[in-house]
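# Next one to model:
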Amino acid sequence: MTPAATPLETRLGYRFQQRELYAQALTHRSYSADHYERLEFLGDGVLNCVVGLMLYKRFPQLPEGRLSRLRANLVNQQSLYEVAGELGLSGQIRLGEGELRSGGDNRPSILADAVESLLGATLLDGGFEAARAMVERLFTTRLAAIDPSLQGKDAKTHLQEWLQSRRMGLPGYALLSTSGQAHEQTFLVECRIDPLKVVTQGRGKSRKAAEQAAAQAALERLRVE
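The predicted model follows:
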């Protein structure tokens, strides 16, 4: 009797036929020599290929340089870490005791790598179409939210340029708090634009990520107002 799909497979929208591939995709090198790094290599390739194709079709007028920047923003570690959070990957990866004690099950780099390894395993298990469909399920919403006028710029850069175009000074960023253990901290940052009386906050696993989140919140406020 074929076992039912796991909750993770349900969220992925794919059930693995080769269960050993599924297990390998969730195994860190600290746990076993049969780990996910080779699958991660495959997953990185298929992710870049499919996201590139999605961008190529969605933005037919954009030149290669802008498409490359947009893709880099979509497939970077922070983006993959967010996907891992949506999939509930924390606690699903098999880690060695030392890696577990150091908080590896919540480390952005490990979780991002696991997303790519699952894509690589899907490629081997179900072929390119299965992997392509998975990438599209995971990234269609993110791609739909892209504003091509930003030209792949990050939120801080876009906010700075928006203010400068209106002869305003640079926004101010201040670290409000840091919480969590040393290996898994969360940063809370404030973005302040005094001439417009706009103050927003952002959280992230690094101060840089928190600043980006605060800048994005400011952009959203400014668009509304």
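
# so what are the domain limits for the protein?
As given by automatic domain parsing, the domain ranges for the chain are 7-145, 155-224.

# any chance of those domains in TSV, plus mean pLDDT?
What follows is these, written out as TSV (pLDDT from 0 to 100):
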stretch	mean pLDDT
domain 7-145	92
domain 155-224	87
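
# Pipe the ones you listed into a markdown table and attach mean neighbour count per row.
Using the backbone N, CA and C atoms, a C-beta is placed for each residue, glycine as well. Conversion of the domains of the chain to a markdown table gives the following (neighbours: other C-beta atoms under 10 Å):
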| stretch | mean neighbour count |
| --- | --- |
| domain 7-145 | 17 |
| domain 155-224 | 16 |
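
# what about the helices in this structure?
7-12, 19-25, 37-58, 64-74, 77-87, 97-101, 108-126, 128-144, 155-164, 207-224 (DSSP state H).

# can you put the ones you listed in CSV and add distance to Ala174?
Putting the helices of the chain into CSV (distance: least, C-beta to C-beta, whole Å) gives the following:
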stretch, distance to Ala174
helix 7-12, 37
helix 19-25, 41
helix 37-58, 34
helix 64-74, 25
helix 77-87, 21
helix 97-101, 33
helix 108-126, 23
helix 128-144, 29
helix 155-164, 14
helix 207-224, 9
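
# Quick check: phi and psi at Gly91.
Phi and psi for Gly91, reported as degrees, to the nearest 10, are phi 90, psi -10.

# That one and Ile110, how far apart?
12 Å (C-beta to C-beta, to the nearest Å).

# And for Leu95?
Applying C-beta to C-beta to Leu95 and Ile110 gives a distance of 8 Å.

# between those two, what contacts are shared?
Counting by C-beta atoms under 8 Å, 6 or more residues apart in numbering, the contacts common to Leu95 and Ile110 are His28, Gly104.

# Not counting its neighbours along the chain, what's nearest Gly96?
Closest residue to Gly96 apart from its sequence neighbours, by C-beta to C-beta, 6 or more residues apart in numbering: Ser30 at 3.2 Å.

# now do Ala130
What sits nearest to Ala130 in space, not counting adjacent residues and going by C-beta to C-beta, 6+ apart, is Thr122, at 5.3 Å.
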